[in-house]
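# what follows is a predicted structure for the sequence shown.
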Amino acid sequence: MGNSRQQAMVLALVAAGAFLFGFLYEGVSLKNLFLVVFGAVAGAVLALPYHWAVRILFAYLGFEGMAKILTGYNPVVHVGADLLVLALTGRWLLAAFLRRASVPEVLPPLKPLFALHLLWFVIQFFNPYALGMVPSLAGVKVYVTMLILYIFGFYLAKSRRSVEWFMAIWVLTIAIQVATGLLQAWKGPSSVLAISPNYAAPLSKFDGFAFRPFGTTHLPGGPSVLTFLGAPFIVYFLVTARSWFVKLLMGGLIPLATLLLLLCQIRASLLKSIVGGGLFLLLTGWYSSAENRKRILIAVPAAAALLMFALPNLTQRWVGERQDNTRAIERTLSLFDYEKSANARRGTSDRIVSFAETVPLGAGMSRTGAAGGKFYHLALADPFFPAGYFFSDNFWAATIAELGVPGSAFLTALILAILGKGALFIRRTRDPETQALQAALLCPLIAIVVGLWGAEGILYNPEAAFFWFFAGALMRLGSLEELPFEST
């Protein structure tokens, strides 16, 4: 185990060293820099034990967006996370073949629903409305690759500590987003344009709006997505950690992360953070042991007091005379304006019904999302539907447009079955420590699903990788009455 940790540290230092060297020495191409970093991550995925490989993959997801922008969407970097998951899967299958390994005794649950989803996906390759074979293959990135992490999540959740290690990676990612995002909000657009002129293109999409920090993502306001995903984890460590140092770190991170959410202007992320963190406290307070309830009674009021004291002061300091930041916070807080929130997704249900009536069996892959833009030239020549017809901005509109009503129903049933089984596991589990961990995994998954009405998040990273891996881990936690708290 010590040797694997040393290997992980060496590869991480190589990647970090290449990253820093590229910014200190102007003669290094940013494209080559990130290809070196990607190569180091790929080496870790192929060489290290699986639990370390997945942790490093998760750490890479926190920087993947920045790598896309700085390399001008280099094809390798653009699909880098998918290549890493496929490489990890290939390594696993090859090792199983060479060992002549038998089928594991315990298999992940919900196999029939996964089989139905994958079968219907294959059928879509023969859809007469499809844009072609290449756009259909691009659907693998959206509907297949990250689902593989469900299997890894199931088999790598061997103990409470092993799961907490994976959670800690996301908390560390949030801390990085907070540091970089707040710094960018302080300096404004110049903070990212100084890194690379490639940021001008995504900035132009929000021309006339208040500046949204990028953090280390490729989207204005992107840090808010990584933040809402890990919000229940922060609360989990705040409540369950026995170390007061960890509690203080988590308590200090809460107001800083909240300020970042306000400045990012992604109102859905603020809502999902509230849903995930609040639901975790509700479930933990309801099912936990007396010891955990005592921790909640101490930690949560302390964090709330810190939030109420620190957030106004932080906000005043960061906003100051910056009109842009004032506008950003005002826009985010419009989440609590019922009329504005109700009108934000007006027409969504009409689109869903329209797509279901027009293409009940789907129109093939790459009709929506980033792939829709990539294959826009094929959509222009499409004899069936005008380019841009399948605008979605909604999970069900997107999946009906591409997979049809049956495909959308299979995927929806799979997602809801995961949430249902997760809730059932929490109710049945007798060990309060395992219950708290199950709640910490279930709550962000619920928050993701809550946000699907106004986004397609679960189809794309980082939400896709997060959802399927921790869904698998949650299913494993439910199959064991108690987990050993052992080192991994």
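Done, it's in.
# and Gln177, how many neighbours?
26 (other CB atoms under 10 Å). Placement of C-beta: from N, CA and C, glycine included.
# how much space between it and Cys264?
In this view, Gln177 and Cys264 are 9 Å apart by CB to CB, to the nearest Å.
# mutual contacts of the two, please.
Residues touching both Gln177 and Cys264 (CB atoms under 8 Å, 6 or more residues apart in numbering) are Pro223, Thr227.
# point out where the chain drops to low pLDDT.
1-34, 101-103, 105, 285-300, 302-325, 333, 335-346, 480-488 (pLDDT under 70).
# show me which helix runs longest in it.
In the chain, taking DSSP state H as the definition, the longest helix is helix 395-428.
# show me how far that helix is from its chain's centre.
17 Å (CA atoms, centre = their mean, to the nearest Å).
# go through it and flag the buried ones.
Neighbour-count burial for helix 395-428 flags 395-405, 407-415, 418-419, 421-423, 425-426 (criterion: 16 or more other CB atoms under 10 Å).
# show me what it is packed up against.
helix 111-123, helix 133-143, helix 267-287, helix 348-358, helix 432-450, helix 463-479 (3 or more CB pairs under 8 Å, 6 or more residues apart in numbering; DSSP states H and E).
# tilt between the first one and helix 395-428?
Spelled out, that is helix 111-123. 170 degrees (axes from the mean of the first three to the mean of the last three CA atoms, to 10 degrees).
# then the longest one?
For helix 267-287 and helix 395-428, the angle between their directions (the same axes, to 10 degrees) works out to 20 degrees.
# just how off-centre is helix 267-287 within its chain?
16 Å.
# buried residues in that helix, which are they?
Within helix 267-287, judged by 16+ other CB under 10 Å, the buried ones are 267-277, 279-281, 283-284, 287.
# same check on the second one?
Using 16+ other CB under 10 Å as the test for burial, helix 133-143 gives Pro135, Ser136, Ala138, Gly139, Lys141, Val142, Tyr143.
# so Pro108 sits right up against Phe152, yeah?
No: judged on CB atoms under 8 Å, Pro108 makes no contact with Phe152 at a distance of 10.0 Å.
# need the residues touching each of the two.
Gly472.
# list the residues that contact Lys272.
Applying CB under 8 Å, 6+ apart, the residues contacting Lys272 are Phe228, Ala231, Ala447, Ile448, Val450, Gly451.
# and for His218?
Taking CB under 8 Å, 6+ apart, one finds Glu64, Gly65, Met66, Lys68, Ile69, Pro202 in contact with His218.
# ok, it to Ser196 distance?
11 Å.
# same thing with Tyr155?
Distance from Tyr155 to Ser196, by CB to CB: 39 Å.
# and these two? which has more neighbours close in?
The neighbour count for Tyr155 versus Ser196, taken as other CB under 10 Å, is higher for Tyr155 (17 against 14).
# quick one: which helix or strand includes the more buried one?
helix 149-156 (DSSP states H and E).
# what helices or strands is that helix leaning on?
Looks like helix 149-156 contacts helix 50-70, helix 463-479 (3+ CB pairs under 8 Å, 6+ apart).
# and after that helix, which helix or strand comes next?
Heading C-terminal from helix 149-156 (DSSP H and E), you reach helix 160-187.
# what comes up buried for whichever helix or strand comes after that following helix?
Downstream of helix 160-187, the next assigned helix or strand under DSSP H and E is helix 190-193. Buried residues in helix 190-193, counted by 16+ other CB under 10 Å: Ser191, Val192.
# what does helix 190-193 rub up against?
Residues contacting helix 190-193 (CB under 8 Å, 6+ apart): Leu183, Gln184, Tyr199, Ala200, Leu203, Pro213, Phe214.
# of these, grab the buried ones for ChimeraX.
Those of the contacts of helix 190-193 that count as buried under 16+ other CB under 10 Å are selected in ChimeraX with:
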select :184,199,203,213,214
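# the residue of the chain most remote from its centre and Leu477, how far apart?
Distance from the C-alpha centroid of the chain peaks at Pro383, with 35.9 Å (CA atoms, centre = their mean). Between Pro383 and Leu477 the distance is 50 Å, computed by CB to CB.
# send over stretch 146-154 as PDB, restricted to the C-alpha atoms.
Extracted C-alpha coordinates of stretch 146-154, given in PDB (Å, rounded to 0.1, in the frame of the first residue of the first chain):
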ATOM      1  CA  MET A 146     -19.700   7.300 -17.200                       C
ATOM      2  CA  LEU A 147     -22.300   4.600 -16.300                       C
ATOM      3  CA  ILE A 148     -19.300   2.200 -16.100                       C
ATOM      4  CA  LEU A 149     -18.200   4.100 -12.900                       C
ATOM      5  CA  TYR A 150     -21.300   2.700 -11.200                       C
ATOM      6  CA  ILE A 151     -19.500  -0.700 -11.300                       C
ATOM      7  CA  PHE A 152     -16.200   0.800  -9.900                       C
ATOM      8  CA  GLY A 153     -18.100   2.600  -7.200                       C
ATOM      9  CA  PHE A 154     -19.800  -0.600  -6.200                       C
END
